[in-house]
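Chemist: following is a predicted model, sequence given first.
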Amino acid sequence: MKYVTTIDGKEFEIEVVDDRHIRVGDRLVAVDFESVSGQPVYSLIFDGKSYESFVYQGEEDWEVLLRGRQFQVKVEDEREKRLRAAAGGGVAEGGEFHLKAPMPGLVVSLLVEEGQPVKKGQVLLILESMKMQNELKAPRDGMMGRIRVKAGESVEQKQALLSLH
């Protein structure tokens, strides 16, 4: 099965060859991807290198926390992508976006204020979890709305942290 995966706006063609191999573009890669103790934490061995990642379903796309960075990941099979393109569909750039905690943790620092303009990819806050500091970034350009947390506050998974207009 072939998929088109978009990671932070960059597209990759991925084909699942079998249980232990994928093709990324023209490159065949050995992979092993296992859930750790039934949690949304996964052990990933990609091309001989080991990674630990936190993966959960966001409001529109998958959210992946890997090596202290959060990525927005959209996965579509080739057919879905063709149908969406034919229908003229795309990601809505307007409306309100609510940033939710990808995991329980501690808000280390808040780098924005209400009413402040922000750019796509700008770090909004730093959340510490599992002894790692994770940068949570703006998914698109916008204006900061309500900020519901402050530095030093503990948060639960999927708790609303702030909104972006």
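Modeler: Ah, there it is.
Chemist: after the worst-scoring helix or strand of the chain on mean pLDDT comes which helix or strand?
Modeler: Counting by mean pLDDT, DSSP states H and E, the weakest-scoring helix or strand in the chain turns out to be helix 78-86, with a mean of 63. Reading on from helix 78-86 to the C-terminus, the next helix or strand found by DSSP states H and E is strand 97-100.
Chemist: please work out which residues outside that following strand touch it.
Modeler: Residues from elsewhere that reach strand 97-100 (Cβ atoms under 8 Å, 6 or more residues apart in numbering): 58-59, 124, 136, 139-140, 142, 158-165. C-betas here are computed from N, CA, C, even on glycine.
Chemist: of those residues, select the buried ones using a PyMOL command.
Modeler: If you want just the buried ones from the contacts of strand 97-100 in PyMOL, going by 16 or more other Cβ atoms under 10 Å, the selection is:
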select buried, resi 58+124+136+139+140+142+161+162+163+164
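Chemist: for the contacts of strand 97-100, which one is nearest A101?
Modeler: Q159 (4.8 Å; Cβ to Cβ).
Chemist: pLDDT score for the closest one?
Modeler: At Q159 the predicted local confidence, pLDDT, stands at 88.
Chemist: dihedrals phi and psi, the closest residue to it other than its chain neighbours?
Modeler: Excluding the flanking residues, the one nearest Q159 by Cβ to Cβ, 6 or more residues apart in numbering is A101, at 4.8 Å. Summarising the backbone geometry of A101 under the convention degrees, to the nearest 10, its torsions are phi -60, psi 130.
Chemist: quickly note the distance from A101 to V107.
Modeler: Separation of A101 from V107 (Cβ to Cβ, to the nearest Å): 9 Å.
Chemist: with V155 instead?
Modeler: Applying Cβ to Cβ to V155 and V107 gives a distance of 6 Å.
Chemist: any common contacting residues for the two?
Modeler: Among the neighbours of V155, those also in contact with V107 (Cβ under 8 Å, 6+ apart) are 127, 149, 161.
Chemist: which one of those residues is nearest R67?
Modeler: Top of the list for closeness to R67, among the shared contacts of V155 and V107 and by Cβ to Cβ, is L127 at 14.6 Å.
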